[in-house]
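Colleague: A structural model of the following input is requested.
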Amino acid sequence: MAQFAVSGQHYLFDVQTFASVVLSNGGDAYEYALRDRTTRGVIDDVASGASELGVLVETTTTADDLEAAFAEAGVKFVELKESAPRVALPATHPLVNAKSLTLDQLEDYPYLYFEQEDDAPLHFAAEALAAEARHKGIACTDRASLSELIVALNGYTVTSGILVGISDGNALTTVPLETDVKLHLGYIVKVGAELSETGQKFVAKLEANLNRYARF
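Modeller: Here you go, the predicted structure:
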């Protein structure tokens, strides 16, 4: 029976990629898994072998610390695409038509983000510029709740801006964020491990999606 598992940081592009691989592989029997995790969860899944690879994002401000954490866990990061942080907003948000936004312009609106473990270091945050102070913050543990709350509360999050092919991305749009920080989109694998045929197919499709949809 075919088996394959991926862990990731709640990004939409890995969901679309995973679905494409499942459809492409077909077959009468298989056992697949797609796991939305905290950053530590993604690292632990790959290090333990529970998932063959983990989709993660480094930033120019977190890369050094994350690389140290990867090395300690026995995994390595493979970059596929550089992108830029964008603000994800409801399509009805008052600032949705701005050419670009600063965090100061957003301070009156709720900031939605993915919760990490209580003892997780700040560089494990899934969002760029997570260290910046916000007056209104709401932590979420799953993508659907975060998307729903952004719409319901006229809030925002900071993301890669890649909202493709998935229903809970339809109500959101993105605006460039004024920052010099860059995103490094890619995946981690266990050091010394070779990707399976399905793993290679996933990475190729992931890279194609990132090249197609990544925005600055």
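
Colleague: use CA for all of it now, contacts and neighbours both
Modeller: Will do.

Colleague: in the protein, which spans are strands?
Modeller: Assigned by DSSP state E, the strands in the chain fall at 2-8, 30-36, 53-59, 75-83, 86-90, 111-114, 137-140, 157-159, 172-176, 183-190.

Colleague: Tell me which of these is the most buried.
Modeller: The highest mean neighbour count among the strands of the chain, using mean count of other Cα atoms under 10 Å, belongs to strand 53-59: a mean of 27.

Colleague: contacts for it?
Modeller: Strand 53-59 has contacts (Cα atoms under 8 Å, 6 or more residues apart in numbering) with 5-9, 14, 39, 42-43, 45-46, 66, 126, 128, 181-190, 199.

Colleague: Same check on stretch 86-93?
Modeller: Residues contacting stretch 86-93 (Cα under 8 Å, 6+ apart): 96, 101, 150-151, 154-161, 171-177, 216.

Colleague: How about residue 74: what's its closest non-neighbour residue?
Modeller: Leaving aside its chain neighbours, residue 74 sits nearest to residue 191 (5.7 Å; criterion: Cα to Cα, 6 or more residues apart in numbering).

Colleague: OK, contacts around that neighbour?
Modeller: Neighbours of residue 191 in contact, by Cα under 8 Å, 6+ apart: 74, 75, 76.

Colleague: any chance of those residues in JSON lines, plus distance to residue 55?
Modeller: Formatted as JSON lines, these follow (distance: Cα to Cα, whole Å):
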{"residue": "74", "distance to residue 55": "16"}
{"residue": "75", "distance to residue 55": "12"}
{"residue": "76", "distance to residue 55": "12"}
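
Colleague: wait, which of those is closest to residue 107?
Modeller: residue 76 (36.0 Å; Cα to Cα).

Colleague: With residue 116 as the reference, measure out to the closest one.
Modeller: 21 Å (Cα to Cα, to the nearest Å).

Colleague: any idea which residue of this structure is furthest from its center?
Modeller: Residue distances from the centre of the chain (Cα atoms, centre = their mean) peak at residue 28, which lies 30.7 Å from the mean C-alpha position.
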